[in-house]
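How does the following fold in three dimensions:
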Amino acid sequence: MTSTSTSLPKVVSSPAELRAEVGALRRAGRTIGLVPTMGALHAGHLSLVDAAAECDATIVTIFVNPTQFGPSEDFGRYPRTLERDLDLLAPRGVALVFAPSVEAMYPAGHATRVEVDRVSVEWEGRCRPGHFSGVATVVLKLLQLATPDVACFGQKDFQQYLVHKRWA
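Purely as a prediction, here's the structure:
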């Protein structure tokens, strides 16, 4: 179980740093819980962090993912509240926060996207083409980087939940 602490979690911003931290946790025999978020944390996110506390170490990702925003959606105005988020995570004993830049997650020349048939093109998928592909792509990247034993996802967005459930 993750220990409760009042110190801010360690923040890393590159995939290489995250892999190194995960490697150290694995060598120490620790289990890892992952909570992927876009930040601007709220009670729902914090309940996922609490659920991940069944593991020895919890990693929270904070990344506003541009590939899930459409051309008419305002990626630039999405709230970015890293300092506030870290303050909210501190008493929950989060081991690590991965807060990469867009360039770290999508380096020049990146060409791979995850497409989830059927469930991602119905309902909201009709209004937001590419949205669920962007979500599935970034989640797969985060899972590959953090290699968690447990990943905790919210169910506020039912269609997004179905997309994760279908390809996971």
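
Can you list the low-confidence ranges for the protein?
1-5, 70, 72, 114-133, 155-168 (pLDDT under 70).

Next one: the nearest residue to Ser7 once chain neighbours are set aside from Glu73, what distance?
Setting aside the residues directly before and after it, Ser7 is nearest to Ala90 in space (C-beta to C-beta, 6 or more residues apart in numbering), at 6.3 Å. Yep, even glycine has a C-beta here, placed from its N, CA and C like the rest. As judged by C-beta to C-beta, to the nearest Å, Ala90 and Glu73 stand 31 Å apart.

so what's the residue nearest to Ser7 up against?
Counting by C-beta atoms under 8 Å, 6 or more residues apart in numbering, Ala90 touches Ser5, Thr6, Ser7, Leu8, Pro9.

a helix runs through it, doesn't it?
Yes. Membership of Ala90 in a helix is supported by DSSP: H, G, I helix; E, B strand; the rest coil.

Return the distance of it relative to Leu8.
5 Å.

Could you do Ala51 as well?
Ala51 is 21 Å from Leu8, by C-beta to C-beta.

how close does the residue nearest to the spatial centre of the chain get to Pro107?
Note on the chain: the residue nearest the mean C-alpha position is Pro36, at 1.9 Å, using C-alpha atoms, centre = their mean. Distance of Pro36 to Pro107, given as C-beta to C-beta: 19 Å.

for Ile32, same thing?
24 Å.

between those two, which one's more packed in?
For Ile32 versus Pro107, neighbours defined as other C-beta atoms under 10 Å are more numerous around Ile32 (22 against 9).

In the sheet, which residues pair with the more buried one? Tell me.
Ala57 (DSSP bridges).

just Val11 next, same as before
Val97.

Is it correct that Met105 is in contact with Leu140?
No. Contact criterion C-beta atoms under 8 Å: Met105 and Leu140 do not qualify, at 11.4 Å.

Compare those two (neighbour count), which wins?
For Met105 and Leu140, the more surrounded residue by other C-beta under 10 Å is Met105, and the numbers stand at 21 against 16.

Next up, the contacts around that one.
Met105 touches Pro15, Phe63, Asn65, Val138, Lys141, counting by C-beta under 8 Å, 6+ apart.

thinking again about what came up before, now list the buried members of the contacts of Ala90.
Buried subset of the contacts of Ala90 (neighbour count, 16 or more other C-beta atoms under 10 Å): Pro9.

which one among the contacts of Ala90 gets closest to Val97?
Within those, proximity to Val97 (C-beta to C-beta) peaks at Pro9, which comes in at 4.8 Å.

how near is the closest residue to Phe75 other than its chain neighbours to Gly39?
Closest residue to Phe75 apart from its sequence neighbours, by C-beta to C-beta, 6+ apart: Phe69 at 4.1 Å. Using C-beta to C-beta, one gets 14 Å for the distance from Phe69 to Gly39.
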